[in-house]
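Student: Fold the following, please.
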Amino acid sequence: MFKAVVTVMLKKSVLDPQGAAVERALKSMGHSGIGSVRIGKSIEILLDGRDEAEAEARVGDWADQLLANPVMETYAVAVEKLK
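Tutor: Residues are numbered from 1 along each chain as shown. As a prediction, the model looks like this:
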């Protein structure tokens, strides 16, 4: 059994109004040293597989097909074997 985490983020060229709102709110609360804020999503999937490479490839296919919009988003897949 493996646990895969897919992190999906908007591409840098895509405007992120939610991130901008959080950035403004943090600054208005007096927090300093904030460059910019980007908001994304994290998807956790438990799955069976032969090995980590095979599990990562399958989840990557799922991300390409459904979990991320390739026009606006990028994604990263991290897989770990569960005990």
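
Student: For residue 20, give me its contacts.
Tutor: Applying C-beta atoms under 8 Å, 6 or more residues apart in numbering to residue 20 gives the contacts residue 37. In short, each C-beta sits where N, CA and C put it, glycine included.

Student: what comes up buried for the host helix or strand of it?
Tutor: Per DSSP states H and E: residue 20 is located in helix 17-28. For helix 17-28, burial by neighbour count (16 or more other C-beta atoms under 10 Å) applies to 19, 22, 23.

Student: ok, now stretch 37-44?
Tutor: Neighbour count says stretch 37-44 has 37, 40, 43 buried, by 16+ other C-beta under 10 Å.

Student: in terms of contact, does the last one touch residue 67 like I think?
Tutor: Yes. If you go by C-beta atoms under 8 Å, residue 43 and residue 67 touch, sitting 5.8 Å apart.

Student: Mutual contacts of those two, please.
Tutor: Common neighbours of residue 43 and residue 67 (criterion: C-beta under 8 Å, 6+ apart): 6, 8.
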